[in-house]
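Engineer: take a look and give me a structure for this.
(chains A and B)
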Amino acid sequence: MQLGGPPRCPRSGPSPQGPRSSPRHVKFANSPQSQPRRPRSPGSAEPSGVRGSTRPRRCDSPRRVWPAALVRCGGRFWISRRPPSPKARCPAPRRPAASPDAKSPASAGTSPGHQPGATRGAVAGDGSARGRAEMHGEVLPGQRAGKMAAPMELFCWSGGWGLPSVDLDSLAVLTYARFTGAPLKVHKITNPWRSPSGTLPALQTSHGEVISVPHKIITHLRKEKYNADYDLSARQGADTLAFMSLLEEKLLPVLIHTFWIDTKNYVEVTRKWYAEAMPFPLNFFLPGRMQRQYMERLQLLCGAHRPEDEEELEKELYREARECLTLLSQRLGSQKFFFGDAPASLDAFVFSYLVLLLQVKLPSGKLQVHLRGLHNLCAYCSHIQSLYFPWDGAEVPPPRQTPAGPETEEEPYRRRNQILSVLAGLAAMVGYALLSGIVSIQRATPARAPGTQALGMAEEDEEE
Amino acid sequence: MSLVAEAFVSQIAGKVPFIHVGNQVVSELGPIVQFVKAKGHSLSDRLDEVQKAEMKAYMELVNNMLLTAELYLQWCDEATVGEITHARYGSPYPWPLNHILAYQKQWEVKRKMKAIGWGKKTLDQVLEDVDQCCQALSQRLGTQPYFFNKQPTELDALVFGHLYTILTTQLTNDELSEKVKNYSNLLAFCRRIEQHYFEDHGRGRLS
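Structural biologist: Below you'll find the model as predicted:
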């Protein structure tokens, strides 16, 4: 399900993007000129636009064989913090304007031309712009009133399987950004080679520096004063470290195993998604390469402990993971978040692990059964999801509401492409036939004369 | 234990520490704890669920940070590797096997470091991580005698083992032990355990 839009030239230059991008951006301020909340100042699109234009991408319509909807994958949406100020109301009237515009081929809104691969992030992206509008007037727990900062860009894997992102690290960083309301320009892409560091997730800071380790990204966000942990006590901070280590040691191997090593899951879910999402030449070899990397990582993580046969190891892994989940459940108890009422960085990580295990429909989901039995963790996940990723749930309705729109817009182009290609084929064939002499066109008159003579003779024959 | 004996033992059991009970050999902390628990002795029975969760989490923290930092220091810090580790690791073997195996082990450890993301870390960053870990432990310990108040648990044993080793092993640079010494309650904790449980070995090495 992909929202439509004609193939758009993602980037033609910095300035035009600015003003035209505004309807696309349900943007709530963050202009680097530190004007308070002038939501639709074109100038504020500028820096990102400028930044984006340093990597001009050509419009790839000749190569585009998929429906244009996928441009959304390069879509840019502003996640900013909303201060609980009256100015926050301002963008609200834009919301209805934003929604239809969001579907329009207002290509300008899209980002510094990311080579759009067929991606399901399309819907996610679009929906999120709307969702952002919905999140608009209220400050959600954890977000703080605005502090202006130069926009940072986050590149991460796009969404799929009903999640905002399919990759664990990207999901964690995204969730943390949502918790703190950091003004990030999120680029959901499916081509890791397009990211500034070659891997995803990657954060490009306002100084142009690129950070690609998730923990460091979060540290950077903290330094920029988007800190979800600022009111944790020292003891809670220590607990955070401890539980993150627990997650990394016990849950991460199992997550890797479930998605990348377990054959059924890998073939039917993971590889399928990545192969379909990635653009043309990459989808043949990149998923396989990623799998090899993960396998090696898993071996190094666990091989140190017990290099026994695989089945034993697997059982051991899953047992420890189940234990870890139970521990998490016990620690969470009946609280809303791990440390009270406001989410912290630990919640971002736990959420990303759990939601991947819970939500994705896996053919062999051994942990899912156990996890579903831990009701407080399930409630925790759905609570965070409904609060911070509301458009995920809304992902289904919007496409249903707008099937006509994108399709009719898509139609003329698709039809046109089809007709053009048929004509081109015909012209090629005819031209070749003529040139190589298979078919030759002769003068009409000599051909007709014998014909009329023949007719005359036939008449005479008949008369006679 | 002399260097040679230690290396010799580690070859036999595969891993130290290990215990030999009857005809069973159980190695490494986790299985040993389980084994002892199965025999009916457990230190963490009186903890409630939340505390057990915290205990496991902190044990993982120690394993994750301290153990990896120790490995890093042993195998990825050139100075230490050259002066101490190679000699120690290769001591039971004749030349050239001692060099070959030492290099092989070093390569393996470096690969592992890369896989968990420590490959690009400098020594300073590693020390900073250790500092963070010690800070977390120190904050968790607070002013209590043990991590879970009055009685020691597996976590106390693990932390003591690591910290004691760090504090008493002579390395080329003392920065690691300096980091630990910054936290007075951790020092006091180690001293207390040493005096309480190891005092029959004469004066402790933690002066």
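Engineer: which residues sit against the host helix or strand of A:Glu323?
Structural biologist: Using DSSP states H and E, the element containing A:Glu323 is helix A:310-332. Helix A:310-332 is contacted from outside by A:243, A:246-247, A:250-251, A:253-254, A:257, A:302, A:306, A:338, A:350, A:366-367, A:370-371, A:374, A:376-377, A:380, B:49-50, B:52-54, B:56-57, using CB atoms under 8 Å, 6 or more residues apart in numbering or on different chains. In this view, the C-beta of every residue, glycine as well, is placed from N, C-alpha and C.
Engineer: among the residues you listed, name the buried ones.
Structural biologist: A:243, A:246-247, A:250-251, A:253-254, A:257, A:302, A:338, A:350, A:366-367, A:370-371, A:374, A:377, A:380, B:52-54, B:56-57 (16 or more other CB atoms under 10 Å in any protein chain shown).
Engineer: so which of those sit within helices?
Structural biologist: Mapping those onto helices (DSSP state H) picks out A:243, A:246, A:253-254, A:302, A:350, A:366-367, A:370-371, A:377, A:380, B:52-54, B:56-57.
Engineer: got the end-to-end distance for stretch A:247-262?
Structural biologist: Start-to-end span of stretch A:247-262 (CA to CA, to the nearest Å) is 20 Å.
Engineer: please apply the same query to stretch A:250-262.
Structural biologist: Length of stretch A:250-262, first residue to last, CA to CA: 17 Å.
Engineer: need the residues that contact that stretch.
Structural biologist: With contact meaning CB under 8 Å, 6+ apart, stretch A:250-262 is reached by A:168, A:265-266, A:269-270, A:290-291, A:294-295, A:297-298, A:301-302, A:314, A:317-318, A:320-321, A:323-325, A:353, A:356-357, A:362, A:364-367, B:60.
Engineer: quick check, A:Val186 in a strand?
Structural biologist: Yes: assessed with DSSP: H, G, I helix; E, B strand; the rest coil, A:Val186 lies in a strand.
Engineer: look up the closest residue to it, ignoring the ones flanking it.
Structural biologist: A:Leu154 (5.0 Å; CB to CB, 6 or more residues apart in numbering or on different chains).
Engineer: same deal with B:Asp129?
Structural biologist: That would be B:Met65: by CB to CB, 6+ apart, it lies 5.7 Å from B:Asp129.
Engineer: could you look up the SS state of that neighbour?
Structural biologist: Per three-state DSSP, B:Met65 ends up helix.
Engineer: same thing with A:Asp231?
Structural biologist: Under three-state DSSP, A:Asp231 comes out as coil.
Engineer: is it true that it touches A:Gly237?
Structural biologist: No: look at A:Asp231 against A:Gly237 with CB atoms under 8 Å: they stay out of range, at 10.6 Å.
Engineer: these two: which is more packed in?
Structural biologist: Neighbours were tallied for A:Asp231 and for A:Gly237 using other CB atoms under 10 Å in any protein chain shown; the higher tally belongs to A:Gly237 (19 against 11).
Engineer: so what's the more buried one up against?
Structural biologist: A:Asp229, B:Ala136, B:Gln139.
Engineer: residues contacting the last one?
Structural biologist: Just to be clear, that refers to B:Gln139. Shown in contact with B:Gln139 (CB under 8 Å, 6+ apart): A:Ala234, A:Arg235, A:Gly237, A:Ala238.
Engineer: so which of the residues you listed is the most crowded?
Structural biologist: Highest neighbour count within those, by other CB under 10 Å: A:Ala238, with 25 neighbours.
Engineer: just checking, A:Ser165 touches A:Gly159?
Structural biologist: Yes: using CB under 8 Å, A:Ser165 is in contact with A:Gly159, at 5.5 Å.
Engineer: okay, and the residue nearest the centre of chain B sits in which element?
Structural biologist: The centre of chain B sits closest to B:His162, judged by CA atoms, centre = their mean, with a distance of 3.3 Å. Using DSSP H and E, B:His162 sits in helix B:154-168.
Engineer: check which residues of that helix are buried.
Structural biologist: By 16+ other CB under 10 Å, the buried positions in helix B:154-168 come out as B:154-164, B:166-167.
Engineer: out of those residues, the closest to B:Glu78 would be?
Structural biologist: B:Ile166 (19.6 Å; CB to CB).
Engineer: helix or strand for the closest residue to chain B within the stretch 51-200 of chain A, which one?
Structural biologist: Per CB to the nearest CB, A:Asp169 is where the stretch 51-200 of chain A lies closest to chain B, at 10.8 Å. Assigned by DSSP H and E, A:Asp169 falls within helix A:168-180.
Engineer: next: B:Lys110.
Structural biologist: Following DSSP H and E, one finds B:Lys110 within helix B:97-115.
Engineer: list of residues touching that helix?
Structural biologist: Applying CB under 8 Å, 6+ apart, the set of residues contacting helix B:97-115 from outside is A:296-297, A:300-301, A:304, B:68, B:71-72, B:74-76, B:81, B:85-86, B:89-93, B:119, B:121.
Engineer: next, count neighbours for B:Ser177.
Structural biologist: 17.
Engineer: isn't it right up against B:Leu167?
Structural biologist: Yes: shown here, B:Ser177 and B:Leu167 form a contact pair, counting by CB under 8 Å, at 5.1 Å.
Engineer: give me the nearest residue to A:Gln359, chain neighbours excluded.
Structural biologist: Distances taken as CB to CB, 6+ apart put A:Gly162 closest to A:Gln359, at 5.4 Å, once the chain neighbours are dropped.
Engineer: thinking that neighbour is in contact with A:Leu358, fair?
Structural biologist: No: judged on CB under 8 Å, A:Gly162 makes no contact with A:Leu358 at a distance of 10.2 Å.
Engineer: residues touching the residue nearest to A:Val186, list them.
Structural biologist: A:Val173, A:Leu174, A:Ala177, A:Leu184, A:Lys185, A:Val186, A:His187, A:Pro201, A:Ala202, A:Leu203, A:Gln204, A:Ile217.
Engineer: again, only using 7 Å
Structural biologist: Listed by CB atoms under 7 Å, 6 or more residues apart in numbering or on different chains, the contact set of A:Leu154 reads A:Val173, A:Ala177, A:Leu184, A:Lys185, A:Val186, A:His187, A:Pro201, A:Leu203.
Engineer: so for stretch A:334-350, what's the average pLDDT?
Structural biologist: Averaged across stretch A:334-350, the pLDDT comes to 88.
Engineer: who touches the helix or strand in which B:Pro31 is found?
Structural biologist: Assessed by DSSP H and E, B:Pro31 sits inside helix B:29-38. For helix B:29-38, contacts defined as CB under 7 Å, 6+ apart pick out B:Ile19, B:Val26, B:Glu154, B:Leu158.
Engineer: what do you get if the cut-off is 8 Å, keeping everything else the same?
Structural biologist: B:Pro17, B:Phe18, B:Ile19, B:Val21, B:Gln24, B:Val26, B:Ser42, B:Glu154, B:Ala157, B:Leu158.
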